Structure formats: C-alpha cells, structure tokens
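> Quick check, what structure comes out for this input:
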Amino acid sequence: MGQDETTAETLAQEYMALEDMPYGKMVNILAVGSYNYHPIHKSDMGKLRYSDFRLKWPHCFPPCEDPDVDYFDEEQVSPATVKFTFEESPDVPHLAKTKMTLWFPLNDVFSDIMLKQQKTKQKVFPLNDVSIDHNDQWLGQLMNSVLGNVKRHSTSDIPPPTSSSQGGGTYI
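Modelled structure (predicted):
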C-alpha cells in the first residue's frame, strides 16, 4: 500500500506499535523522522489528527485542557521518531516513537537538518554516544551537536531533498 493510500488509523497504529525511546541508555542516533510532516514546508500533510490517537489511546493522549499548549481533537499532529542503534549492537537499527511533548521540537530539528544537509551537501548523522535521559536533555544535545550555528532561512528556494519513506514516516 502506498503512503498516500494509508489511512489515519493505520498510521496511528503503526506509530503506537513502535518501541519507546530507550531512556537511561546510550545510543547512536541515525536519523530523525516524522509521520504526517513535510520538513521543507514545515507543515503537516493533512493525514493525522490528534483524535486519531486520543480516541484509541486516551491514557496516553489526554483531552485538551489548555488551548494554548494542548492539542485539540481535530488538530493535525506530526508524531516524531528517532532511528538509533545501541552501543553494544551498532548493526541493529531501532525505530522509536517519542513523547508527544517532543513532537513539535523534533519536527523543527528535522526541518533544520534538511536545510543544513542541503547547504553543506553532507549528512549530519550518525550522532554517537547520546545519553537518552529522562529529562530529555538529549534533545538539546541533538540540537547543539547536529545544528551547531545553522541560521534559519526561508525554504522556498531549496529543492526537495531525496528522502526515503519507511512506513508512514519520512526520514533523513
């Protein structure tokens, strides 16, 4: 089934079946990805709503209580993923779902990585020896190590990169 033919329910189930981030472990990050997100345009692709998750997994996705920070049921969401290996098994890649609170910042990092790779013509991964800590300081390490001094620019004049599709997500 092609990516455009995949239903929201299938994408949500596929995402929720991914393993969790390995908190308390050291990993080598190979890629950052996302479901329902176009990194060049920095926008959703119109395929997943928050309710696609909340109605099936209410214990993981609470209803909106604060409209300034919480997702609404009909709001489009772009769940983020991280592809990694463990130090002790570098040839075995894993794909993990991330906390809902990390979706937005990881998608922003995803877009910035695409811009950097377009400008430098070099891949930014792997990022080795990353400690996945419970306070999510690994996200700051990812941002600092991968992006460094990248300035944010308009993406309108950058052609789309070559990317691969795995499941419902796009990865670099």
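> Distance of the nearest residue to residue 21 once chain neighbours are set aside relative to residue 120?
Closest residue in space to residue 21, ignoring its immediate chain neighbours: residue 96 at 4.8 Å, by CB to CB, 6 or more residues apart in numbering. Every residue, glycine included, has its C-beta placed from N, CA and C. For residue 96, the distance to residue 120 (CB to CB, to the nearest Å) stands at 27 Å.
> out of those two, which sits in the busier spot?
residue 96 (16 against 10; other CB atoms under 10 Å).
> Work out for me the element the more buried one sits within.
strand 89-97 (DSSP states H and E).
> again with residue 52
Using DSSP H and E, residue 52 falls in helix 51-54.
> again with residue 26
Judged by DSSP H and E, residue 26 forms part of strand 25-35.
> Could you list the buried residues of that strand?
Under the neighbour-count criterion of 16 or more other CB atoms under 10 Å, strand 25-35 has 27, 28, 29, 30, 31, 32, 33, 34, 35 buried.
> pLDDT on stretch 45-61, on average?
For stretch 45-61, mean pLDDT rounds to 95.
> Okay, buried residues for that stretch please.
Those would be 45, 47, 48, 49, 50, 51, 52, 53, 54, 61, for stretch 45-61 by 16+ other CB under 10 Å.
> on that earlier part again, who touches the helix holding residue 52?
Here helix 51-54 makes contact (CB atoms under 8 Å, 6 or more residues apart in numbering) with 8-9, 11-12, 15-16, 60-63, 71, 73-74, 77, 79.
> again, 7 Å this time
When contacts are defined by CB atoms under 7 Å, 6 or more residues apart in numbering, helix 51-54 is touched by residues 8, 9, 12, 61, 63, 73, 74.
> Out of those, who's the most crowded?
Within the contacts of helix 51-54, residue 12 tops the neighbour count with 26 neighbours, counted by other CB under 10 Å.
> Quick check: pLDDT value at that one.
Looking at residue 12, the pLDDT reads 96.
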